[in-house]
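**Student:** Task: produce atomic coordinates for the following.
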Amino acid sequence: MKVDNKVDFNKAPDRRTTNAEKYVYREKLFGSQEVLPMWVADMDIETPSFIMDAVQERAKHSVLGYEEATDSMFEAQIDWVQKHYAYEMKREWMFMSPSVVGSINVAIKAFSQEGDKIIVQSPVYPKFYSSVTNNDRVILENPLKEKDGYFSMDFDALEAEIDEKTTMMILCSPHNPVGRVWHEDELTRLGEICSKHNIIIVADEVHSDLIYKGFNHTPLASISKELESRTITCYGPGKTFNMAGLATSTVVVPSDALRVKFKKAYESIYFGDGTIFGQIAFETAYLEGESWLAGLIAHLQGNIDYLEICLKEYMPSITMRAPEGTYLGWLDCRRLGLPQEALEEFFYKEAKLGLSSGTGFGKVAEGFMRINLATPRATVEEAVSRLHTAYAARHF
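**Tutor:** So this is what the prediction gives:
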């Protein structure tokens, strides 16, 4: 993949002049406007200029009415997935959605009943839990196994926990927050278990473009035709190209039978065709984003390497296994010996860093904090400086 060397990923846009969540929620979440906010999963890096240009060109028109999502938009994503992951999707399988979370909720309504159990692999993105409970379903927690900072699926526990009320699973692939890019053999084993117990899988693959050297993303639905027939996949360019504010993604349902059920639930809510600017940005991202993404990956890898080195050298009681995918670092702070509330106080009040608390991703994540590394290098350097100052003052 050719790298676009003309993009300056260290250029720091001032988002404090906007209504950016990570800034406006600082007082509410961290008790101070002084924290450096590195929590919510969007980038403090400029959205690509080719996307901005396309949106601004469309904005010159004097009417912003209803517009149909074009086939060419979907084809752009189909071609992207085919090229990058050797998986062939079809246009008729695809639905527009304003968000992955919205798609997950539609799938829960379509393929389960109140009281059914839905598997989530903790620690995981908090909206997985709330999507289950808000629909009056029951969370079946299947915690990941951890050894020396490396997380893997616990297949034996999963098989032991499944019963006749277990109808669905929500899979995070790549995994947020632990940063795993699941191997094909792991996904195959998972698929075998779900097929054996007739479980529908919703695969959140929205981070699938953010993969580092030595790792490869495998779409769950690409493993086999049988697994494809029970998989609903959520895709989108929002994370990849920092355009989450345009609220545009897709959900892919290959099975004819499942698609009928999904469509009924989908149309009962009515998502429509998204926004004009979202449509334009979506297609442009997939048509023109190749070299920009290569540059982004190189920049993110540099940030990851820098943080990892600094932790090992200056703050050895805080560790981070470099993520295989996503731009999120999962900090293991257990050796600090602080209960979670005290750990949060240390980061928020002493280090003045606004990170995501581990227990927000599940009780199994006590002692962890999540950091967003999709920033200019200077931001990571400032975060390291603040953390080291607080760490040294405590004499950990």
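**Student:** and residue 337, how many neighbours?
**Tutor:** Neighbours of residue 337 under the rule other C-beta atoms under 10 Å: 11. For glycine as for every other residue, the C-beta is placed from the backbone atoms N, C-alpha and C.
**Student:** mind listing what's buried in stretch 247-262?
**Tutor:** Residues of stretch 247-262 classed as buried by neighbour count (16 or more other C-beta atoms under 10 Å): 247-255, 258-259, 261-262.
**Student:** For residue 247, give its distance to residue 238.
**Tutor:** 8 Å (C-beta to C-beta, to the nearest Å).
**Student:** Report the distance from stretch 64-74 to the chain centre.
**Tutor:** 25 Å (C-alpha atoms, centre = their mean, to the nearest Å).
**Student:** Can you name every helix or strand that the strand ranked longest in the chain contacts?
**Tutor:** What stands out as the longest strand in the chain, according to DSSP state E, is strand 166-172. Using 3 or more C-beta pairs under 8 Å, 6 or more residues apart in numbering; DSSP states H and E, the elements in contact with strand 166-172 are helix 100-111, strand 117-120, helix 126-134, strand 200-204.
**Student:** now those as JSON lines including mean pLDDT?
**Tutor:** Listed next are the helices and strands packed on strand 166-172 as JSON lines, based on pLDDT from 0 to 100:
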{"stretch": "helix 100-111", "mean pLDDT": "98"}
{"stretch": "strand 117-120", "mean pLDDT": "98"}
{"stretch": "helix 126-134", "mean pLDDT": "98"}
{"stretch": "strand 200-204", "mean pLDDT": "98"}
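**Student:** and residue 231, which of the ones you listed is closest to it?
**Tutor:** Taking C-beta to C-beta, strand 200-204 is the member of the helices and strands packed on strand 166-172 nearest to residue 231, at 5.0 Å.
**Student:** Return the list of strands paired to that closest one, each annotated with direction.
**Tutor:** Strand pairing for strand 200-204, using DSSP bridges, gives strand 166-172 (parallel), strand 231-235 (parallel).
**Student:** any idea of the angle the first one forms with helix 100-111?
**Tutor:** This points to strand 166-172. 160 degrees (axes from the mean of the first three to the mean of the last three C-alpha atoms, to 10 degrees).
**Student:** CA atoms of strand 166-172 as CSV?
**Tutor:** Only the C-alpha atoms of strand 166-172 are listed here, as CSV (Å, rounded to 0.1, in the frame of the first residue of the first chain):
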residue,chain,number,x,y,z
THR,A,166,-28.7,-18.3,24.2
THR,A,167,-29.6,-17.1,20.8
MET,A,168,-27.1,-14.4,19.8
MET,A,169,-23.5,-13.2,20.2
ILE,A,170,-22.0,-9.7,19.6
LEU,A,171,-18.4,-10.0,18.4
CYS,A,172,-15.9,-7.2,18.5
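**Student:** Next secondary structure after that strand?
**Tutor:** Sequence-wise, the next helix or strand downstream of strand 166-172 (DSSP states H and E) is helix 184-196.
**Student:** Skip the chain neighbours and tell me the closest residue to residue 393.
**Tutor:** What sits nearest to residue 393 in space, not counting adjacent residues and going by C-beta to C-beta, 6 or more residues apart in numbering, is residue 350, at 7.1 Å.
**Student:** can you pull the contacts of that neighbour?
**Tutor:** For residue 350, the contact set (C-beta atoms under 8 Å, 6 or more residues apart in numbering) comprises 390, 393, 394.
**Student:** And residue 282, by the same measure?
**Tutor:** Here residue 282 is in contact with 73, 76, 77, 237, 246, 248, 274 (C-beta under 8 Å, 6+ apart).
**Student:** from what I can see the fourth one touches residue 243, true?
**Tutor:** So that's residue 237. Yes. The criterion here is C-beta atoms under 8 Å, and residue 237 meets it with residue 243 at 6.3 Å.
**Student:** what sits in contact with each of the two?
**Tutor:** Counting by C-beta under 8 Å, 6+ apart, the contacts common to residue 237 and residue 243 are 281, 285.
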